[in-house]
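S.K.: Sequence first, then the predicted structure:
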Amino acid sequence: MSAHVRGGEVRSTAGKDSRRPSWRLIWLLPAGFALLAGLDAGLLLLGLPAPITADRLPAVHGMLLVLGFVGTLIALERATALGRWYGYLAPALLGLGGLLLAAPAVPLVVGKSVLAVGAAAFTLVYIPLWRRQHDAAVLTQLLAAGLGLASAVIWTGQDSLTRVLPWLIGFVVLTIAAERVELARITMGAAAGGRLLLHAWVVTGALVIGAVFPDAGSVLLGLALLSLAGWLLMHDVARRTIRASGVTRYMAACILAGYAWLAVAGVALLFGAPAEQRVYDAVVHAVFLGYVFSMIMAHATSILPAVLRIALPYRPAFWVPIALLQIALVVRLWVGDGLGMPAGLQIGGVLGVLALMLFMATALVSAVLGPVPPSSVSETTDRMPAARRVETRPAVGAPNGLSFPTERRGEKS
């Protein structure tokens, strides 16, 4: 998950090859396994029946979802942008680490170690990308990858994720924010990269302080997340394209929902290190479900076709899983964590699992059905507000043929 997210219309660049999957699809298989195993572990943590009842799954729930799934997705996208064979070592190792974490016969320390090596390989991928184009957004992603590596290293000597959580938050929040700025710099302004990098250093400073003074670090991290969410919200074109229709409105809604949940996590962290379970649960799921998965749902129809050469056209059915995810989070965080009702935690947890499973099913069906009629895409584009049109451009460091949408100012239609 990486998470390139767009508030505009997508123009396909895959052409006639869009229905022939790329060999890079292989790297998604362990990522998909990590997602399913992580969701299974989530049900076990809630005391609910689950398809697999391995004793070790609850202990690795967080890392399966964050580094095993999201980390592998982001690493695959960055490796594709790099266009060098060695870049694919990162998603391969992260995916393998996720598999080993869930394998009862393999010592847990082995899975942790492979995951840490994968995080190191992922961090190294950004060095040639940075050399290719000295850009503040890429530098922010490099810093974020370093935070992800730190989380994996710290976890090798920990039995829980309490001390690891802030570093994981820094990794996913900064990576997704940087990729958003990387693709939306035209509408966010030339100074966006510098402001993003400033936020990144504040987040990093908060994590370092929190390692010694947890409460002070938590407060500073909360302030940084609130500032970042507010800045992104104010400058993101999604605030305007939410009034559009079709995929444009869908992506904008996902993006705005992600910013809202990031702000919720920031507020919760202002009260100090989340020692109480209810606060810890709220922070974890506001960031990793509310922010991260909302952004994944937003960008899936534009990034997966570019990386995998699989047509994944938008259909109105995509609204169902994103809406169900928001309902699940409200029930879990408000009724479960806020009001202290265990039933709220369980109902919200089940709804969250269903939302993610439904999203995967919707994406699979949409890919199988293939592209929508061109007339439907044209009709949606013509209804965009304030004449916002989208063109594609190469991603930073992208090889030939890998392009992502970027907003540009147009004339009123």
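M.R.: Perfect, thanks for sending it.
S.K.: Alpha carbons of stretch 64-73, as PDB, please.
M.R.: This file holds the C-alpha atoms of stretch 64-73, laid out as PDB (Å, rounded to 0.1, in the frame of the first residue of the first chain):
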ATOM      1  CA  LEU A  64       1.400  -9.300   9.300                       C
ATOM      2  CA  LEU A  65      -0.900  -6.500   8.200                       C
ATOM      3  CA  VAL A  66       1.600  -3.500   8.300                       C
ATOM      4  CA  LEU A  67       4.900  -4.900   7.000                       C
ATOM      5  CA  GLY A  68       3.700  -8.300   5.600                       C
ATOM      6  CA  PHE A  69       0.800  -6.800   3.600                       C
ATOM      7  CA  VAL A  70       1.100  -3.000   3.300                       C
ATOM      8  CA  GLY A  71       4.900  -3.100   3.300                       C
ATOM      9  CA  THR A  72       5.000  -5.600   0.500                       C
ATOM     10  CA  LEU A  73       2.600  -3.600  -1.600                       C
END
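S.K.: Tell me which residues are up against it.
M.R.: Here stretch 64-73 makes contact (CB atoms under 8 Å, 6 or more residues apart in numbering) with 1-3, 27-28, 30-32, 34-35, 37-39, 41, 57, 91, 94-95, 97-98, 101-102, 115, 118-119, 122, 148, 151-152, 168, 171-172, 288, 292, 296. Quick note: C-beta positions are derived from backbone N, CA and C, even for glycine.
S.K.: Quick one: buried ones out of the residues you listed?
M.R.: 1-3, 27-28, 30-31, 34-35, 37-39, 41, 57, 91, 94-95, 97-98, 101-102, 115, 118-119, 122, 148, 151-152, 168, 171-172, 288, 292, 296 (16 or more other CB atoms under 10 Å).
S.K.: Report the contact partners of Gly95.
M.R.: Here Gly95 is in contact with 27, 29-31, 34, 68, 72, 118 (CB under 8 Å, 6+ apart).
S.K.: Filter the buried ones among the contacts of stretch 64-73 down to just the ones in strands.
M.R.: Members of these lying in strands (criterion: DSSP state E): none.
S.K.: among those residues, which are in helices?
M.R.: Among the buried ones among the contacts of stretch 64-73, DSSP state H puts 28, 30-31, 34-35, 37-39, 41, 57, 91, 94-95, 97-98, 101-102, 115, 118-119, 122, 148, 151-152, 168, 171-172, 296 in helices.
S.K.: Quick check: the farthest pair among the contacts of Gly95?
M.R.: Leu29 and Gly118 (15.3 Å; CB to CB).
S.K.: Tell me the helices and strands packed up against the helix or strand harbouring Gln326.
M.R.: Assigning secondary structure by DSSP states H and E places Gln326 in helix 319-330. Applying 3 or more CB pairs under 8 Å, 6 or more residues apart in numbering; DSSP states H and E, we find helix 319-330 packed against helix 246-269, helix 294-308, helix 342-369.
S.K.: Need the mean per-residue confidence for that helix.
M.R.: Here helix 319-330 scores 97 as its mean pLDDT.
S.K.: Give the buried residues for it.
M.R.: Neighbour-count burial for helix 319-330, counted by 16+ other CB under 10 Å, picks out 319, 321-322, 324-326, 328-330.
S.K.: Turn the residues you listed into TSV, columns for distance to Arg240.
M.R.: Formatted as TSV, these follow (distance: CB to CB, whole Å):
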residue	distance to Arg240
Trp319	19
Pro321	24
Ile322	19
Leu324	26
Leu325	23
Gln326	21
Ala328	28
Leu329	25
Val330	25
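S.K.: wait, which of these is closest to Asp236?
M.R.: Ile322 (17.0 Å).
S.K.: Might you report the residue contacts of that closest one?
M.R.: Ile322 sits next to 250, 253-254, 257, 294, 297, 355, 359 when contact means CB under 8 Å, 6+ apart.
S.K.: re earlier: quick check: angle from the helix holding Gln326 to helix 294-308?
M.R.: Between helix 319-330 and helix 294-308, the angle comes out at 140 degrees (axes from the mean of the first three to the mean of the last three CA atoms, to 10 degrees).
S.K.: okay, the angle between helix 319-330 and helix 246-269?
M.R.: Using the same axes, to 10 degrees: helix 319-330 against helix 246-269 is 10 degrees.
S.K.: And the nearest residue to Ala265 once chain neighbours are set aside, what's its pLDDT?
M.R.: Nearest residue to Ala265, sequence neighbours excluded (CB to CB, 6 or more residues apart in numbering): Ala286, at 4.0 Å. pLDDT recorded at Ala286 is 97.
S.K.: Provide the secondary structure category for Ala286.
M.R.: Secondary structure, DSSP: H, G, I helix; E, B strand; the rest coil: Ala286 is helix.
S.K.: if we can go back for a sec, tell me the most packed of the contacts of Ile322, by neighbour count.
M.R.: Met297 (29 neighbours; other CB atoms under 10 Å).
S.K.: Distance of that one relative to Leu39?
M.R.: 15 Å (CB to CB, to the nearest Å).
S.K.: Quick one: low-confidence residue ranges for the protein.
M.R.: For the chain, applying pLDDT under 70 flags the ranges 1-21, 185-186, 373-413.
S.K.: Residues in contact with the helix or strand hosting Ala211: which ones?
M.R.: Using DSSP H and E, Ala211 sits in helix 192-212. Outside of helix 192-212, the residues within contact range by CB under 8 Å, 6+ apart are 135-137, 139-140, 143-144, 147, 150, 163, 166-167, 170, 173-174, 177-178, 181, 184-185, 216-218, 220-221, 224-225, 227-228, 231, 235, 273.
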